[in-house]
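Engineer: Here you go, sequence then predicted model.
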Amino acid sequence: MRTSFTLLAGACLVLFACEKPAEKKETPPSPSASTSAAAPIATTPPPPTGEGKTVELHVTAQATTMAFDPTTLTVPAGATVHLTLENKKPGALPHNWALVMPGTEAKLAADGLAMGEAASYIAKGPDLLAYTELVKPGTTGEVTFKAPPPGKYPYICTFPGHYMVMKGVLTVAP
Ligand code: CU
């Protein structure tokens with residue numbers, strides 16, 4: 001049984017390999033087709049562009065406008081991200097920086113509120129990707145995390161009432 005299965009599998013592979021060039025002749029060559037034809041069938045995907053890299057990001061919390069600066073950030077997939085959050089003076093309120101799954105901003109803000117100030121208004125869970133603790137005015141907080149898979153992820157301040165205005169988008173490039 002084992003032998004016949006192996007033979008069958010081998011026959012399929014040969015068949016597959018034989019079909020490929022024939023297909024290629026019929027269709028005009030395109031960059032994607034030639035790349036996939038050249039690559040062996042069982043290759044693992046290449047590592048993300050940011051693998052092994054560390055990216056430094058600096059975000060300020062602006063109390064006067066109640067906003068993050070910048071409101072857009074970009075990192076390569078697989079990178080290690082070191083982010084510092086500077087709570088700019090003048091300002092009286094603490095702020096934090098939380099990277100969350102798209103669409104979970106309101107829920108995480110509400111859950112964070114329920115956790116209270118001692119927990120930095122942070123509710124941990126699968127939708128929370130990275131966060132700093134509450135950062136007092138005139139001070140800086142930080143967080144190090146691995147960039148999530150390519151996509152766009154919102155970041156918010158979960159201090160009560162802030163998430164709707166203190167927000168931005170982190171883009172993870174493939
Ligand atoms: Cu805030």
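Structural biologist: All right, it came through fine. Residues are numbered from 1 along each chain as shown.
Engineer: For the residue sitting nearest the centre point of the chain, give me its contacts.
Structural biologist: With distances taken as CA atoms, centre = their mean, the residue of the chain nearest its centroid is P148 (2.9 Å). P148 is in contact with 99, 129, 172, counting by CB atoms under 8 Å, 6 or more residues apart in numbering. For every residue, glycine as well, the C-beta is placed using N, CA and C.
Engineer: if we look at the ion, which of those are close to it?
Structural biologist: Among those, no residue sits close to the ion (CB under 5 Å from the ion).
Engineer: Out of these, list just those in strands.
Structural biologist: Using DSSP state E, the members of those that fall within strands are 99, 129, 172.
Engineer: Tell me which residues touch the second one, please.
Structural biologist: If I follow you right, that is L129. So L129 contacts 99-101, 145, 148, 153 (CB under 8 Å, 6+ apart).
Engineer: Please apply the same query to the last one.
Structural biologist: By CB under 8 Å, 6+ apart, the residues touching V172 are 74-77, 147-153.
Engineer: Of these, keep whichever come out buried.
Structural biologist: Neighbour counting by 16 or more other CB atoms under 10 Å classes 75-77, 147-148, 153 among the contacts of V172 as buried.
Engineer: Give me the subset of these lying in helices.
Structural biologist: Members of those lying in helices (criterion: DSSP state H): none.
Engineer: Tabulate those residues in TSV, adding columns for distance to A110.
Structural biologist: Formatted as TSV, the buried ones among the contacts of V172 follow (distance: CB to CB, whole Å):
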residue	distance to A110
V75	27
P76	32
A77	30
A147	26
P148	22
Y153	19
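Engineer: Can you name the two of those residues that sit furthest apart?
Structural biologist: Within those, two members stand farthest from each other by CB to CB: P76 and Y153, at 13.9 Å.
Engineer: and this structure, which residues reach the ion?
Structural biologist: So the chain meets the ion at 95, 157, 159, 162, 166 (CB under 5 Å from the ion).
Engineer: Looking at stretch 152-170 now, give me its mean pLDDT.
Structural biologist: For stretch 152-170, the mean per-residue pLDDT is 97.
Engineer: For the chain, which residues score under the pLDDT cut-off?
Structural biologist: Scanning the chain for pLDDT under 70 picks out 1-40.
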